[in-house]
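[1] I would like to see how this sequence folds:
(chains A and B)
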Number of protein chains: 2
Amino acid sequence: MRVLVMLDGTVVDPGTPVIRVDDLGITRGDGVFETILVVDGKPRELGPHLDRLDRSAAMLQLPPPSRPDWEHCVQAVLDNWRGGAEMALKMIYTRGPEFGDGTPTGYAMGLEIGEKVLRARQTGVAAITLDRGYDPEIVSRAPWLLLGAKSLSYAVNMAATRHAESVGASEVIFIAADGSVLEGPTSSVVLVNGRTLRTTPPSSGILKGTTQGALFRAAERAGWVTKVEPVTLAELREADALFMASSVRKITRVHTLDGTALADTTDLREELNALYESEY
Amino acid sequence: MRVLVMLDGTVVDPGTPVIRVDDLGITRGDGVFETILVVDGKPRELGPHLDRLDRSAAMLQLPPPSRPDWEHCVQAVLDNWRGGAEMALKMIYTRGPEFGDGTPTGYAMGLEIGEKVLRARQTGVAAITLDRGYDPEIVSRAPWLLLGAKSLSYAVNMAATRHAESVGASEVIFIAADGSVLEGPTSSVVLVNGRTLRTTPPSSGILKGTTQGALFRAAERAGWVTKVEPVTLAELREADALFMASSVRKITRVHTLDGTALADTTDLREELNALYESEY
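    Sure, this is the predicted structure:
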């Protein structure tokens, strides 16, 4: 089951080609996106996702996304969905055709949750750390590097994931040139130490995690301490437990880091996922 | 005038949407491209461009591009062109639809040379140096960063160019974290000192320039010394003359660097462009 709705509200068969060859989304990776989890017809963290779409679009100097148009578009995907209880809803917003009238291209897709994601939620993932190549000190003074924008230029994220798979892992934790921990290619990193949850700050050039944000809100209410602060590679290795937070994978346990098996934290996984679910 | 030919040889109206919304070229910037100059029906440096397409595709672990298919596709664009004497021929090759049968998407477009390019060739460009954020020492040990691949994930290149335009320039020269000179967002850097031409090496994570390569071949035959070696920012500033080499812009003079007017090197521009043209 797949649903495709264009930003103008038109419902289109998802197999029908609707993108022009000169769309700058394809020729230059010049656009932004979001992926939202929908459960029982309810999109999770829609506001934070739309806020982040706005921020990414601003970083790329795209025309500001129309909030009502996107809300209608998302609703149309929900209305037309005949698949399972869960759906991954992907929003794409590009600079549009190079030889067009300047109108951006926008659409939302409703997709089934893949087998690989369902498996990762249950069994956890083996992660490897990989250099991301930049020093966080550059983030604020080099906005053209688009660090922290969720752009369509994700070839590096995909290549890093392929690299992980080539060495028997399935997840990546990017490390900055100064040795600090960043994020996964499509997820946030969460460390657990006692009753404290930690994640890395957007000022290091990474995305503000929507799922991580929901987890931290719930955890704070349940008496956990939460911290958003720089994390070193040594701290990553020494944490009581590691998780990757992403919209479709929820709070996924890291069972192996750089080839070393981590302590069994299945109970903790259940506790954190229950906290996350309590938000909805 | 625009011409569009798909990799299977089909000639399509370029305004017709032929790309699916789930094409990984658009959703992930997951593909590679080349832009070739065609003059009087003859593509320049077709072999080096196809070689580079192969290298980029290998770095992204795409299926190896079929050389005969691409040659036929390019020939079909040439055969169908009814525009001016010059054409920019763009080749795009993506991982294809995410929910497809694994077949890559490939097509070539024939495009008119834009006014901005024609003006840059004549009057030269004002360039600014911008940090690219990585240290060249990372290139060989972090292949997942795809440094040196001409991928579709060009949002940073486009953002850097917009940044230049926002400060009254039109071209960028990227500088590495160690202060060495890299390349432009869509061109190579060429320094002139006396009768020596210098450019920066692909080992620093940049593209091997096809137009720069043609210029250097011709210059060597004419008695110039050519060097492909690391260049420091200080050496960039102290060069007798600076040029940007790209397929469609040819050998473009940099008349202003970081706001400082450079010496008038119009004669040198003519000499270098004559050398470049002598290759064809």
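[2] any idea how far the nearest residue to residue A:22 once chain neighbours are set aside is from residue A:8?
    Nearest in space to residue A:22, with sequence neighbours left out and distances taken as C-beta to C-beta, 6 or more residues apart in numbering or on different chains, is residue A:98 at 4.4 Å. Where you see a C-beta, it was placed from the backbone N, CA and C, and this is true even at glycine. Using C-beta to C-beta, to the nearest Å, we find residue A:98 at a distance of 20 Å from residue A:8.
[3] the strands in chain A, which residues?
    Assigned by DSSP state E, chain A shows strands spanning A:2-6, A:11-12, A:31-39, A:42-43, A:86-94, A:105-111, A:125-131, A:171-175, A:188-193, A:196-199, A:225-228, A:241-246, A:250-257, A:260-261.
[4] from residue A:257, how far out is residue A:184?
    Relative to residue A:257, residue A:184 is positioned 12 Å away (C-beta to C-beta).
[5] thinking again about what came up before, residues near the residue nearest to residue A:22, how many?
    17 (other C-beta atoms under 10 Å in any protein chain shown).
[6] repeat that for the one 5 residues further on.
    Applying the criterion other C-beta under 10 Å, we find 12 residues in the vicinity of residue A:103.
[7] leaving out sequence neighbours, find the closest residue to it.
    Residue A:103 sits nearest to residue A:96 (C-beta to C-beta, 6+ apart), 5.2 Å away.
[8] could I get the contacting residues of that neighbour?
    A:23, A:24, A:25, A:102, A:103, A:104, A:105 (C-beta atoms under 8 Å, 6 or more residues apart in numbering or on different chains).
[9] now residue A:132
    A:174, A:175, A:176, A:177, A:182, B:145.
[10] for the first one, list each beta-bridge partner.
    Taking DSSP bridges, one obtains residue A:130 as the residues bridged to residue A:174.
[11] isn't it up against residue A:183?
    Yes. With contact defined as C-beta atoms under 8 Å, residue A:174 counts as touching residue A:183 (6.0 Å).
[12] check contacts around the residue in chain A positioned nearest to chain B.
    Nearest to chain B, among the residues of chain A, is residue A:29, at 2.9 Å (C-beta to the nearest C-beta). For residue A:29, the contact set (C-beta under 8 Å, 6+ apart) comprises A:151, A:152, A:153, A:154, A:155, B:29, B:151, B:152, B:153, B:154, B:155.
[13] relative to residue B:268, which of the residues you listed is nearest.
    Distances from residue B:268 to the contacts of residue A:29, taken as C-beta to C-beta, are shortest for residue B:154 (30.1 Å).
[14] ok so, going back, with neighbour numbers in mind, choose between residue A:184 and residue A:257.
    The neighbour count for residue A:184 versus residue A:257, taken as other C-beta under 10 Å, is higher for residue A:184 (27 against 20).
[15] the more buried one touches residue A:170, doesn't it?
    No. If you go by C-beta under 8 Å, residue A:184 and residue A:170 don't touch, sitting 10.5 Å apart.
[16] any shared contact partners between the two?
    When contacts are counted by C-beta under 8 Å, 6+ apart, residue A:184 and residue A:170 are jointly contacted by residue A:127.
[17] list the residues that contact residue A:215.
    Residue A:215 neighbours (C-beta under 8 Å, 6+ apart): A:190, A:197, A:245, A:251, A:272, A:275, A:276.
[18] just put those residues in TSV and tack on distance to chain B and neighbour count.
    TSV is the format used below for the contacts of residue A:215 (distance: C-beta to the nearest C-beta, whole Å; neighbours: other C-beta atoms under 10 Å in any protein chain shown):
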residue	distance to chain B	neighbour count
A:190	23	26
A:197	28	24
A:245	20	26
A:251	24	26
A:272	29	25
A:275	31	21
A:276	26	21
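[19] residues from the stretch 51-200 of chain A in reach of chain B?
    Within the stretch 51-200 of chain A, the residues that sit near chain B (C-beta under 8 Å from any C-beta of the partner chain) are A:59-61, A:90, A:92, A:94, A:99, A:107, A:109, A:130-135, A:138, A:141-147, A:149, A:151-160, A:162-163, A:177.
[20] show me the helices in chain A, by range?
    Taking DSSP state H as the test, the helices found in chain A are A:24-27, A:46-59, A:67-80, A:115-123, A:155-166, A:210-221, A:233-238, A:266-277.
[21] quick one: the shortest one near chain B?
    Spelled out, it's helix A:24-27. Yes. Remark: helix A:24-27 sits within contact range of chain B at A:24, A:25, A:26, A:27, by C-beta under 8 Å from any C-beta.
[22] my read: residue A:62 touches residue A:24, true?
    No. With contacts defined as C-beta under 8 Å, residue A:62 does not count as touching residue A:24, sitting 9.8 Å away.
[23] need the residues touching each of those two.
    Common contacts of residue A:62 and residue A:24 (C-beta under 8 Å, 6+ apart): A:31, A:95.
[24] now the end-to-end length of stretch A:227-242.
    14 Å (C-alpha to C-alpha, to the nearest Å).
[25] do it and chain B meet?
    No. Against chain B, stretch A:227-242 shows no contacts by C-beta under 8 Å from any C-beta, the least distance being 15.2 Å.
[26] what comes into contact with that stretch?
    A:127, A:129, A:136, A:173, A:175, A:179-181, A:189-194, A:196-201, A:204, A:216, A:253-254, A:257, A:262-263, A:265, A:268.
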